Each structure stands twice: as structure tokens, then as C-alpha cells.
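**Q** build me a structure from this.
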Amino acid sequence: MQKPDWLKAATVYSLDFRSFYDGNDDGLGDIAGLISKFDYLVELGVNCIWLAPFYCSPRHDDGYDVVDYFRIDPQIGTMDDFRALVATAKAHDIRILLDLVVNHTSIDHPWFKKALEDPTSAYYEYYIWKKQKPEDDKDDLMFEGVEESNWDYEPSVSAYFYHTFYKHQPDLNVANPQVQNEILRILDFWMSTGIDGFRIDAVPHILRNKGDCHFKGDPYQLLEVWRSAVLKHNEHAVLIGEADVEPEEYRDFLNRGQLTGLFNFYINNYTFLALATEKGTPLVNAIRRLPLADGRRYLNFIRNHDELDLGRLTEEERHQVFERFAPEPSMIVYNRGIRRRLASMVHHNNRQMELTLSLLFSLPGIPVLRYGEEIGMGDDLNLPERKSVRTAMQWSDQRNGGFSEMPPQALKYPLIQEGPASYKRINVASQQADPTSLLQVTKKLIRLHEGNGHFFFDGSFELLDTNHSAILAFSYQIGSERLVTVHNFSRQGISAIIMLPHQTGARISVLVNSHQVTSSDGRLSLQLPGYGYSWFIVHDTIA
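**A** This is a model prediction of the structure:
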């Protein structure tokens, strides 16, 4: 039985069927493969799965170029397979979220083809057209260096169509009521399968006025309509938005109850600035700017399936991150993003990876793990653009990393074969057998987050003053108890002092990584090694 507000207690695991596990030995991951590996997710401790698009698609953008919203890519499975997955998830009390990709379709979608066949048809109005290219033809160009304009010419109708992303992904005219009805059909169809909600791709772009296509009234009301549509099927269903915006704009998506949660790109940017500069100060300042009075409905992540987009940083700050984590031009994409995973950026330094995971599971909000993050998977920069971080899951050091039984040359999904990130060095099997591995640390952090959920979900959050710019410390307080987490972003060991407001006497219960924590007159003192972290409960002895 689902619990109210289950999302705030969730640990979300993000995966793509195609890269997770090949269950039918055709060289590509599929639904059967995920079902066969479900015990792994249960043992890991996650309780929500966010699935990348698996609809019919030519896969020029790994499924984000949809040609049929109501059919599963036959290489991935059938509707019966999907229903079996939903049943398996429900049996383990794990929720399933799908990607809702309605900012655009594939250029091969029947709607777009019908628009080209007959410009007088209703389908022509499903998209955004101009007879002349605007002078400002790059007003929302997301893929700088790959695409040159937001407008592409279609000779068959003698007009330009608008695209936020690739030219093979024409934007839908979501201001059109007929398109809005089509989206409701998509929501109804998939909610009827028993899923628990959606992650909505590119929300701010969906709600923008584009070309001559303008919304009548407040476009954010559309999110309220979508929320009502999913709640009609499941009163605990959620809508989560991908919205890379400034913190002051978060309220636009959350405060009227339109969305249940929002991906926290802003904090993600400053996490990497903190890692690059070895200072906690960037995150202190970023957290202060974050509106935390609305239930902390933010989904925090280390890396997602795209580039590490650093668009929220200043040019100088972005250069600092590039200098540390992307020193070669081949590591940068779209002029503002890094196409590497964390493990590669920190040269597979387990202490830095553990520090970052500890931060992920202690920040205010909901932690999201990208598949393979729990074992420190790397990337393959020989692959183009964002595909570098979309390689196959590394299950073992056996053939194909345990991903598929096909001959290696017949794999349909890339696998990291060589180098420090290869499956021979980094894989699930070896880390399951090692009690000190990153996988075991991740499991411990998931259990700690869940076991102390009353602090994370309902505690009063407070940043704590420290004696060193490399230290980030904050707490969650309930009554006379505080859960305190301390993170040292420096490679150097530090004698840290943490100030506890209104604390007169304290007893310490360490949860993870005891580093000689002592308390005296509202001050906590502890020794933190380089990239060290600690969680502990502070009990006020004079309450």
C-alpha cells in the first residue's frame, strides 16, 4: 500500500533499460533484463525507479526523439513485459516513474509527417512555424556548437520549424489545446498501467512562448491540469519537473501544487564548484539562496544522463570547474557542460566519491542515484556528446562486463572495455565481495538516510558556522536532538569546530565516521581527514 508523501522518503534510482542488462541476449538491455536484476535494486535499498524513455523511437537521442508515445520500442519489450515489471515493483514496494517527453517529438513522428503532407491540416498547428527565419534565431539554443539555430528550414512546406534541442526534434506547440489533449491521452494511458507518476522533461521550455505560438493565460496552469490527470488514477502519484532555473523561480513550479518535486540543478552546479575549489563556501552560499520553506521537495543528484550543465555558475566559476574536472576540450560539450562522470573527474578517488555520496544523502531534499554511480562507473570520451556517460552497466569482470551474453562485437550498446574505468576494474561483483567498497558505502548511506528519515523529512534545517572555508556543516533538529553532518571538501586534514546555536550541553551519538567528536559550550570539535565526512546525533542534555 502506498504511503502519503512517499516521495520525500524516497531514494530514486535512474536507469535506461537499454544500458542496464540484456535479458534476451540480443546485445541491448531490456525490460526482462531489469526484472531479472530487480533483487539488486532491492538489496541496494532504493525505493523508486525513474526510467528513461522506452517509447518507439529512431534513437538518435537515446529515446528522447519519440515517434509513438503509446508503444514500447520492440527491442526493449512488450506491454506484457512492462506490466510484469510494474507488478514486480509493487511486490517490493518500489515506485516507478516514467519520462514524459512532450516538449518535442521526433521528426519521424506521424504528427510531423502529416503536417508536411498537408500544411492546412490540424497537425501542422501541432508544431511551431515561421515563413521567415527570425533575426534572433538562437534565443533558446541548448546545443551550442552542434546546432546553429532554433529554426530549421523544411522545403516541403516552405517554412522554418522551431526546435529547442536537435533539428530532428521539432518542438510541439503545447499552447495548442489539441496538443494539450494529446498529452492528457499520454498521461492517462501510462497511469492506467499502475505507474506512480512522471519526470517531465524540459519543463521551462514546454511553458515558453515560441515564435507566434503563445499561451492564453498562465502557462503554469497546464501543470495543474496534468497533476489532476495523474491524481485521478492514483492519489499518491507525483509529477517531478526537470527545470534548470534560478532558485527564485522554483516557487513558480511548486507553490500552487503544480509539481510534486523539482530537480535541483542549482545545488548541483555549486556542488561541483565546491569539489573543484575544495571549499564548502560555494555550497553554503547556494543553500542560503535555496527556498527551503516549501517542504524541501528538491531532487538532488550528482550526475544525470546528460552533460553536467554548469549554466547556473558565473563564467569565472565555470572556468574553475573546467580547469579542475575538464582540462581537455574533448571533455566539454555545448560550451557550458562536462561530459564525464564523477569517478573520472576525481580520478577514481574513493574518498572524494564517498564524500560526494554522503553529501547527496544528507542535503535537504530527495537523493537520486544514476545507475552505476554506486560503484563509481566512469565514461568513454570516444563516444559522441552525451553518449560518453551512457555506457552499459558493469556487472562483473566477465565477458561484456556481465551485461550481455552476446559476442562482444555484436553488442548494441557501448561498454567501457579498457582503461581505469573498464568493467575489468569496476564492477558490481567485485564490490559486493568487498566490505570497504563504494557499493557497500552507498548501501550504508541509503540505510542511514532511511533510518533517520524523521530528521531529513521533518527536522528544522540549519546551516552551522564553522572555523574553516573547506567545511560544510548543517543540521536537522527535532525537539532536543539534532542530526549533524560535516563535510571536508579539502584534501588536507582539518581540525574542525562547529557552532551549535542554543546548545548548552550535549551527548554525541555517531552514525558514520567517528573522528573524535567532542562537545563543549555549544561547540563541536572533530578531526576530519582529507575529504572526510561525519554524521552524528547531538542530544541536548539540558533541555
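**Q** what does the lowest-mean-pLDDT helix or strand in the chain contact?
**A** Across the helices and strands of the chain, mean pLDDT, DSSP states H and E gives its lowest value to strand 518-520, namely a mean of 84. Strand 518-520 has contacts (C-beta atoms under 8 Å, 6 or more residues apart in numbering) with 500, 503, 505, 506, 507, 508, 524, 525, 526, 538. All C-beta spots, glycine's among them, are computed from the backbone N, C-alpha and C.
**Q** which among these end up buried?
**A** 500, 503, 506, 524, 526, 538 (16 or more other C-beta atoms under 10 Å).
**Q** export the residues you listed to TSV and append columns for pLDDT.
**A** TSV is the format used below for these (pLDDT from 0 to 100):
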residue	pLDDT
500	90
503	69
506	79
524	91
526	93
538	93
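**Q** now, those residues that are in strands?
**A** Among these, the members found in strands (DSSP state E) are 506, 524, 526, 538.
**Q** what sits closest to the second one if chain neighbours are left out?
**A** The one in question is residue 524. Sequence neighbours aside, residue 498 is the residue nearest to residue 524 in space, at 4.1 Å (criterion: C-beta to C-beta, 6 or more residues apart in numbering).
**Q** the helix or strand harbouring the one you found - contacts with which helices or strands?
**A** Using DSSP states H and E, residue 498 sits in strand 494-499. Applying 3 or more C-beta pairs under 8 Å, 6 or more residues apart in numbering; DSSP states H and E, we find strand 494-499 packed against strand 471-478, strand 481-488, strand 523-528.
**Q** orientation of that strand relative to strand 523-528 in degrees?
**A** Comparing the axes of strand 494-499 and strand 523-528 via axes from the mean of the first three to the mean of the last three C-alpha atoms, to 10 degrees yields an angle of 160 degrees.
**Q** not counting sequence-adjacent ones, nearest residue to residue 374?
**A** Spatial nearest neighbour of residue 374, excluding adjacent residues (C-beta to C-beta, 6+ apart): residue 442 at 4.1 Å.
**Q** and the next element down the chain from the helix or strand containing the one you found?
**A** Using DSSP H and E, residue 442 falls within helix 438-451. Counting by DSSP H and E, the element after helix 438-451 in chain order, helix or strand, is helix 453-458.
**Q** pull the residues that contact that next one.
**A** 5, 8, 9, 296, 362, 364, 449, 476, 477, 478, 481, 483.
**Q** so which of those wins on neighbours?
**A** residue 362 (27 neighbours; other C-beta atoms under 10 Å).
**Q** test my guess that it contacts residue 449.
**A** Yes - under the criterion of C-beta atoms under 8 Å, residue 362 makes contact with residue 449 at 7.5 Å.
**Q** may I have stretch 181-193 as PDB, with CA atoms only?
**A** Output of stretch 181-193 as PDB, limited to C-alpha atoms (Å, rounded to 0.1, in the frame of the first residue of the first chain):
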ATOM      1  CA  ASN A 181      -5.500  17.000 -25.200                       C
ATOM      2  CA  GLU A 182      -2.900  14.600 -26.800                       C
ATOM      3  CA  ILE A 183      -0.700  15.000 -23.700                       C
ATOM      4  CA  LEU A 184      -3.600  14.100 -21.500                       C
ATOM      5  CA  ARG A 185      -4.100  10.900 -23.500                       C
ATOM      6  CA  ILE A 186      -0.500  10.000 -22.900                       C
ATOM      7  CA  LEU A 187      -0.800  10.600 -19.200                       C
ATOM      8  CA  ASP A 188      -4.000   8.600 -18.900                       C
ATOM      9  CA  PHE A 189      -2.600   5.700 -20.900                       C
ATOM     10  CA  TRP A 190       0.500   5.200 -18.900                       C
ATOM     11  CA  MET A 191      -1.100   5.900 -15.500                       C
ATOM     12  CA  SER A 192      -3.600   3.200 -16.300                       C
ATOM     13  CA  THR A 193      -0.700   0.700 -16.200                       C
END
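**Q** can you list the domain ranges for this protein.
**A** Annotated domains of the chain cover 6-102+177-449, 110-162, 459-540 [automatic domain parsing].
**Q** tell me which of those domains lies nearest to residue 169.
**A** Taking C-beta to C-beta, domain 6-102+177-449 is the member of the domains of the chain nearest to residue 169, at 5.4 Å.
**Q** quick one: end-to-end length of the closest one, please.
**A** Domain 6-102+177-449 has an end-to-end distance of 14 Å (C-alpha to C-alpha, to the nearest Å).
**Q** stretch 237-254 now?
**A** Termini of stretch 237-254 sit 15 Å apart (C-alpha to C-alpha).
**Q** buried residues in it, which are they?
**A** Those would be 237-245, 247, 250, 252-254, for stretch 237-254 by 16+ other C-beta under 10 Å.
**Q** and if you look at stretch 461-472?
**A** In stretch 461-472, counting by 16+ other C-beta under 10 Å, buried: 461, 464, 466, 468, 470, 471, 472.
**Q** next one: stretch 397-410
**A** Here stretch 397-410 shows 400, 401, 402, 403, 404, 406 as buried, counting by 16+ other C-beta under 10 Å.
**Q** check stretch 434-441 too.
**A** Buried-residue list, stretch 434-441, by 16+ other C-beta under 10 Å: 437, 438, 439, 441.
**Q** likewise stretch 305-321?
**A** Neighbour count says stretch 305-321 has 305, 306, 307, 308, 309, 310, 312, 313, 317, 318, 320, 321 buried, by 16+ other C-beta under 10 Å.
**Q** contact partners for the first one?
**A** Contact analysis of residue 305 by C-beta under 8 Å, 6+ apart lists 14, 16, 52, 62, 370, 386, 389, 390.
**Q** and it, how far from residue 509?
**A** To residue 509, residue 305 is 38 Å away according to C-beta to C-beta, to the nearest Å.
**Q** how many neighbours does residue 135 have?
**A** The tally of other residues near residue 135 (other C-beta under 10 Å) stands at 5.
**Q** can you classify it by secondary structure?
**A** When classified by DSSP: H, G, I helix; E, B strand; the rest coil, residue 135 comes out as coil.
**Q** low pLDDT regions in the stretch 251-400 of the chain?
**A** For the stretch 251-400 of the chain, the stretches with pLDDT under 70 are 294.
**Q** show me where it has helices.
**A** 265-277, 281-289, 315-325, 342-345, 350-362 (DSSP state H, counting those that start in this stretch).
**Q** so which elements touch the fourth one?
**A** Pointing back at helix 342-345 there. Going by 3+ C-beta pairs under 8 Å, 6+ apart, helix 342-345 lies up against helix 350-362.
**Q** list the buried ones in the helix it packs on?
**A** 352, 353, 354, 355, 356, 357, 358, 359, 360, 361, 362.
**Q** got it, and stretch 291-299?
**A** Buried residues in stretch 291-299 (16+ other C-beta under 10 Å): 292, 296, 297, 298, 299.
**Q** once you drop chain neighbours, what's closest to the second one?
**A** Just to be clear, that refers to residue 296. Per C-beta to C-beta, 6+ apart, closest to residue 296 is residue 364, 4.3 Å.
**Q** residues contacting the one you found?
**A** 287, 290, 292, 296, 298, 456, 461.
**Q** in stretch 517-527, which residues are buried?
**A** Going by neighbour count (16+ other C-beta under 10 Å), the buried part of stretch 517-527 is 517, 519, 524, 526.
**Q** nearest spatial neighbour of the first one, skipping sequence neighbours?
**A** Closest residue to residue 517 in three dimensions, ignoring its sequence neighbours and counting by C-beta to C-beta, 6+ apart: residue 526, at 4.4 Å.
**Q** mind checking how far the one you found is from residue 539?
**A** In this view, residue 526 and residue 539 are 16 Å apart by C-beta to C-beta.
**Q** likewise residue 309?
**A** For residue 309, the distance to residue 539 - C-beta to C-beta - is 41 Å.
**Q** same question, residue 102
**A** Taken as C-beta to C-beta, the span from residue 102 to residue 539 is 50 Å.
**Q** settle it for me: which of those two has more neighbours?
**A** Set residue 102 next to residue 539 and count neighbours by other C-beta under 10 Å: residue 102 wins out with 24 against 16.
**Q** the more buried one contacts residue 176, doesn't it?
**A** No - using C-beta under 8 Å, residue 102 is not in contact with residue 176; the gap is 11.9 Å.
**Q** with that, I have no additional questions.
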